[in-house]
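Asker: Provided below for reference: sequence and predicted model.
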Amino acid sequence: MEIVHVSAECYPVAKAGGLGDVVGALPRYQQEAGHVSKVVMPMYRTRFLYENQWTVVHKGGAALGSAWFEYTIIQEATNRLGFDLYLVDVHGLLDRERVYGYEDDDERFIAFQIAVIDWLSSWQHRPDIVHVHDHHAGLIPFMMQHCLAYRNLASVPVVLTIHNAQYQGAMHWDKSVLIPSWDSWKRGLLEWDGRINPLACAIRCAWRVTTVSHSYLQEMRASSNGLEPLFEYEKGKCSGILNGIDSQVWDPASDPALDRHYRTRDVASGKQAAKRALCEVFHLDPEKPLFVFIGRLVGEKAADLLPDVIADSFAHIGRRMNFLVLGSGEREVESKLNALLGMSQGDYGLYLGYHENLAHRMYAGADFLLMPSRVEPCGLNQLYAMRYGTVPVVRLTGGLKDTVVDIGDEKGYGITHRHASVGDITHGIFRSLGLYEHPAELHRVRQRMMKLDFSWHRSAQSYADLYKTLK
């Protein structure tokens, strides 16, 4: 099959979250399985753009409301990522460094989607599947079926994958003029709660809808930022396919970010070496268990609770552990975490920002990963952590519920709690310390985790099986 993925992110080209990791890995595994998998994304001005070779494959133009824009499609020339990568350039809209966060994001991503389908409509053949990801590509199914100029694409099956339903791209109706001439009888497909809602539109128009874990799909029928009735109504075409991880990138036996590599058989000594190197950088005591948090410092991740969790743990459990936080996000959370540095006694470290290399070293050097998320569609961090023998301490929600089994079960390998609260998280830390104090059991848990298979092979096959039902 020929599959065209359309996404706002793809690692290592441009990444803001887990969407980038998924789109950077799934197509390569599909390619290895014998399919032709392609990725189309905006041409942000990132290092990847300037450090690689490109070939212009198409130039075109289209209307964006009353304005006319020209676009260029370029292809990465060396197949560096293991699949065909195409970037869409629209001068004045997509030629920026950041992925999101601009006042004209609506115009940027509508222009991107128009350019994609305008290009696809010019092909001499049709792909087997167009696979769109999240709301940034959510108008494509509607445009392919109901925009007058692109109805030649209406017979191409479209699959939507929802990575996070909290973000829907809703916009006022005055933006409807930006969409290429469309059948006005189909207005209801665009509208949700009085606004144009690209994610709701994609759910209605896509042939199949997937979410990135089974539990997240069930949760969205009860809590999806206003789309609950839609998920209930469209449940017949929805399914959950758990994300995988790129087992070549995330491998402690070969990770270039690590000074010393390790495997399941020498996980104890390998992790101790990684912890010592990490603690030296942040002036922490390597003899203490190390708890880390890696990710966006936002309410969705329950990062706002971290300052109180760390302070309460020190106050009520004692200074028996180290904490290390890597991330960026809400200023108030960053400020409170930064303020904790003043009370550190060589047991707390902080890095505000994004640092891929440091993240790899933290997964290797940590004993426990904190993931108390309020919302977690799938979660990749817990999968990375387990690959490196780091015990996840997680809230039972979304993909965390599907991937982490509590050590209270006979074959468990993680520590779970039910509520995103300071008390529940602190209790999880207390339980973790109990595990750490029993090295033999900790070693068995680490080995059990590292033998789990969360690679993309299984997930890629699930997508292939889904595609086959649409042919």
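Answerer: Received, thanks.
Asker: CA only for contacts and neighbour counts going forward, please
Answerer: Will do.
Asker: can I see the domain layout of the protein?
Answerer: 2-244+456-468, 264-450 (automatic domain parsing).
Asker: pLDDT of the first one, averaged?
Answerer: This points to domain 2-244+456-468. Domain 2-244+456-468 carries an average pLDDT of 96.
Asker: could you do the shortest one as well?
Answerer: Summarised as a single mean, pLDDT over domain 264-450 is 96.
Asker: switch to numbering from 42
Answerer: Will do, 42 is the new start, and the previous item becomes domain 305-491.
Asker: how long is that domain from one end to the other?
Answerer: Domain 305-491 has an end-to-end distance of 6 Å (criterion: Cα to Cα, to the nearest Å).
Asker: report the distance from it to the chain centre.
Answerer: 19 Å (Cα atoms, centre = their mean, to the nearest Å).
Asker: where do the helices of the stretch 392-512 of the chain begin and end?
Answerer: 397-406, 422-428, 439-444, 463-477, 480-491, 497-509 (DSSP state H, counting those that start in this stretch).
Asker: quick one, the longest one and helix 480-491 angle?
Answerer: Angle between the axes of helix 463-477 and helix 480-491 is 110 degrees (criterion: axes from the mean of the first three to the mean of the last three Cα atoms, to 10 degrees).
Asker: any residues touching helix 463-477, and which ones?
Answerer: 330, 346-347, 349-350, 353-354, 358, 409, 413, 434, 456-460, 482-483 (Cα atoms under 8 Å, 6 or more residues apart in numbering).
Asker: again, only using 6 Å
Answerer: Val350 (Cα atoms under 6 Å, 6 or more residues apart in numbering).
Asker: using PDB, list the CA coordinates for that helix.
Answerer: The C-alpha coordinates for helix 463-477 follow below in PDB (Å, rounded to 0.1, in the frame of the first residue of the first chain):
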ATOM      1  CA  VAL A 463      -0.300  15.500  46.000                       C
ATOM      2  CA  GLY A 464      -1.300  12.800  48.400                       C
ATOM      3  CA  ASP A 465      -1.500  10.000  45.800                       C
ATOM      4  CA  ILE A 466       1.700  11.000  44.100                       C
ATOM      5  CA  THR A 467       3.600  11.200  47.400                       C
ATOM      6  CA  HIS A 468       2.200   7.800  48.400                       C
ATOM      7  CA  GLY A 469       3.500   6.500  45.100                       C
ATOM      8  CA  ILE A 470       7.000   7.900  46.000                       C
ATOM      9  CA  PHE A 471       6.800   6.200  49.400                       C
ATOM     10  CA  ARG A 472       5.900   2.800  47.800                       C
ATOM     11  CA  SER A 473       8.800   3.300  45.300                       C
ATOM     12  CA  LEU A 474      11.300   3.800  48.200                       C
ATOM     13  CA  GLY A 475      10.000   0.500  49.600                       C
ATOM     14  CA  LEU A 476      10.900  -1.200  46.300                       C
ATOM     15  CA  TYR A 477      14.300   0.500  46.100                       C
END
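Asker: report the contact partners of Lys316.
Answerer: Gly406.
Asker: surely it is within a strand?
Answerer: No: counting by DSSP: H, G, I helix; E, B strand; the rest coil, one finds Lys316 to be helix, located in no strand.
Asker: of the domains of the chain, which is nearest Trp291?
Answerer: Set against Trp291 and scored by Cα to Cα, those come closest in domain 305-491, at 6.5 Å.
Asker: if we can go back for a sec, Asp292 is nearest to which of the domains of the chain?
Answerer: Closest among those, using Cα to Cα: domain 305-491, at 6.9 Å.
Asker: most tightly packed of the helices of the stretch 392-512 of the chain?
Answerer: Ranked by mean neighbour count, the helices of the stretch 392-512 of the chain are led by helix 422-428 with a mean of 26 (mean count of other Cα atoms under 10 Å).
Asker: so what secondary structure elements neighbour that helix?
Answerer: helix 480-491 (3 or more Cα pairs under 6 Å, 6 or more residues apart in numbering; DSSP states H and E).
Asker: which residues are in contact with the helix it packs on?
Answerer: By Cα under 6 Å, 6+ apart, helix 480-491 touches Thr305, Met427, Arg428, Gly430, Tyr454.
Asker: tell me, how many residues neighbour the fourth one?
Answerer: Gly430 is surrounded by 32 other residues when neighbours are defined as other Cα atoms under 10 Å.
Asker: the first one too?
Answerer: By the criterion of other Cα under 10 Å, Thr305 has 19 neighbours.
Asker: show me where the stretch 42-191 of the chain has its helices.
Answerer: 59-73, 88-92, 146-162, 181-187.
Asker: winner for burial among the ones you listed?
Answerer: Of the helices of the stretch 42-191 of the chain, helix 181-187 is the most buried (mean count of other Cα under 10 Å), at a mean of 25.
Asker: right, I'll leave it there.
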